[in-house]
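Q: Sequence first, predicted coordinates after that:
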Amino acid sequence: MPISMYRLTVPLFQRGLTTLGTYLDKAESHAAEKGIASSELVSSRLAPDMLPFSGQFQRATDSAKLAIARLTATDAPKFEDNETTIGDLRERLAKTNSYLATIAPSALDGTETNEVTIAPGGNKFTFRGDEYLATFALPNFYFHISMAHAILRNQGVAVGKMDYLGRFS
């Protein structure tokens, strides 16, 4: 029996968002322990031409909500991308999780054959739904979670592989 598009999207996005929540907890603890403003971690980046932690966080949450919206041809909630604190990022995380919680498994039935068109950087790409998910949406989502991880690690926050992988059920 084939795996459903729902099982390949919502639960995976929720799991990744849980990882981002763990990162916020660890960043907050690190900042308190070191006596630094947590906003320093939120604005940290790996390289000058890369997005800061907040930007990686924003793109990961956008990837989750936009993947669902694109597959189902519906509108995703819009966020302003103006988060500057851990509290702001927690709020964004909660809003994304609330949106994902509204998605019924049946909403994704048959979306593997839907046409999805995206235009990152002005380059237009059209995919079948399953190809979009496998070659763009999921890799993009996990890339931004990985970059958030790397930024925190680079700043001395004690995050490791098991924080990235999360809990197993």
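A: Received it, and whenever you're ready, just let me know what you need.

Q: Would you list the phi and psi of the residue nearest to the spatial centre of the chain?
A: Residue closest to the average C-alpha location in the chain (C-alpha atoms, centre = their mean): residue 60, at 2.3 Å. The phi/psi pair for residue 60 (degrees, to the nearest 10) reads phi -60, psi -50.

Q: and it, what does it touch?
A: Going by C-beta atoms under 8 Å, 6 or more residues apart in numbering, residue 60 touches 16, 17, 20, 141, 144, 145, 148. Where C-beta positions appear, they are placed from N, C-alpha and C, glycine not excepted.

Q: Also residue 27?
A: Contacts of residue 27 (C-beta under 8 Å, 6+ apart): 38, 41, 42, 53, 86, 152, 157.

Q: and if we set it to 10 Å?
A: Residues counted as contacts of residue 27 (C-beta atoms under 10 Å, 6 or more residues apart in numbering) are 38, 40-42, 44, 53, 86, 89, 148, 151-152, 155, 157, 159.

Q: Once you drop chain neighbours, what's closest to it?
A: With sequence-adjacent residues excluded and distances taken as C-beta to C-beta, 6 or more residues apart in numbering, residue 27 is closest to residue 41, at 4.7 Å.

Q: Pull the distance from the host helix or strand of the one you found to the chain's centre.
A: Using DSSP states H and E, residue 41 falls within helix 38-42. In this view, helix 38-42 has its centroid 18 Å away from the chain centroid, taken as C-alpha atoms, centre = their mean, to the nearest Å.

Q: from now on call the first residue 14
A: Fine by me, first position is 14 from now on; the one you just mentioned is helix 51-55.

Q: circling back to that earlier point, I'd like to know which of the contacts of residue 40 is nearest to residue 180.
A: Using C-beta to C-beta, residue 172 comes nearest to residue 180 of the contacts of residue 40, at 14.7 Å.

Q: nearest spatial neighbour of that closest one, skipping sequence neighbours?
A: Leaving aside its sequence neighbours, residue 172 sits nearest to residue 165 (C-beta to C-beta, 6+ apart; 5.1 Å).

Q: And the pLDDT for the residue nearest to residue 40?
A: pLDDT for residue 54: 97.

Q: now, the most widely separated pair of the contacts of residue 40?
A: Spatial extent of those (C-beta to C-beta) is set by the pair 53 and 172 at 16.0 Å.
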